[in-house]
Structures are given as structure tokens and as C-alpha cells.
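Q: Here is a sequence with its predicted model. Questions after.
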Amino acid sequence: MRLFRLAFAFVAVLPLSIGAHAQKPVQPRIAPDFTRNTLDGKAVHLNAYRGKLVLLNFWATWCGPCLTEIPRFNTWQTKYGPQGLQVLGVSMDDDAAPVQKASRKLQFTYPVVMGDEKLGTSYGGVVGLPISYLIAPDGKVIARYQGETNLNDLETRITTLLQQQKR
């Protein structure tokens, strides 16, 4: 994980003109399933969220843009959860202690699990944070957002998908 931090530090200083903040095209594929425990020991099974639009967010406590996104994700979970959205956080921190501290401060409204290199690799590699994936109700990854994302655009995409889901 330390190598991951070095790679992230390098990526973080690259010029913004390379498009690190844009939605990245993806080939729709079934999201790799996983089961992980939340910080309080409850099992989270990704496939249990089939039928919902899932925003899967890889983040870390040492990542500034990640910490900026989380309050908005908290709001979305509260606002859009009843309409079918499920936000799920995957911390890429080396251990749970800083995540537990952040959890008390940020008061997550959605489940947060600990990730690792194996889980990141199953999603194509997590080099640089944050990285978020939109997973359709059928379990397919339909969008990937890498780096600091335009949250207004992402919210518009989420609300559009939720409206389409109602039909």
C-alpha cells in the first residue's frame, strides 16, 4: 500500500490538462463481487445491492479530494437512497484506525469497508484516488470517475438514472 501512496503522490502532481478529472469510458461489465466487513463488523456483500444504482467510491483518509466528496455522498445517500441509490465507500487506507477516526468526524450515512490491493485490482487497478464507479441495478459497471469529479455532473447522471429506473 505504501507503493500505492507513492504512485498517488506522483499522479496528484500531474497537470490537470491530462483529463484526470473526467468520467472515463468503460466497457459495461458485471462489477466484481466482494464481501467485506464495515468498521463495526457488519458484512457488506456487493451483490446484495442488485436492483439498486450503486456508487462505489474508493477513497482514503489522506486524500484531500476524497474528503471533499464524502459530505456530498452522505447527502446523496440520504436524499436518493429511498429512490434506489446505494453509496458504498471502500477505504484504501493501510489500517482501520484512521478510517474509524474519519468515520466519527464525517458521520457516514452509507457503509464503509476496508479495501486492499486485491480488491482494487479486480476493478482495473486503483492508481490515484478518488475513483468512483456507477453500477447499474443489473450489476454492470456503467461509468468510472477518476480523480476530483464534477459532483454536479455526477449528481445529474445519478438523478437521470434513478428516473429511468422508475419507468
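A: Yep, it's here. Numbers count the residues shown, from 1 in each chain.
Q: By mean pLDDT, which helix or strand of this protein comes out lowest?
A: Least confident helix or strand of the chain, by mean pLDDT, DSSP states H and E, is helix 2-12 with a mean of 41.
Q: center of the protein, which residue is that?
A: A centroid search over the chain (CA atoms, centre = their mean) returns Asn57, at 0.6 Å, as the residue closest to the centre.
Q: surely that residue meets Phe73?
A: Yes - applying CB atoms under 8 Å, one finds Asn57 in contact with Phe73, separated by 6.4 Å. (Each C-beta comes from the backbone N, C-alpha and C, glycine too.)
Q: shared neighbours, the two?
A: Residues touching both Asn57 and Phe73 by CB atoms under 8 Å, 6 or more residues apart in numbering: Val87, Gly89.
Q: Quick check: beta-bridge partners of the residue nearest to the centre of the chain?
A: Beta-bridge pairing for Asn57 (DSSP bridges): Gly89, Ser132.
Q: who touches it in this structure?
A: Taking CB under 8 Å, 6+ apart as the criterion, Asn57 is in contact with Cys66, Glu69, Phe73, Val87, Leu88, Gly89, Val90, Pro130, Ile131, Ser132.
Q: Fine by me, we can end here.
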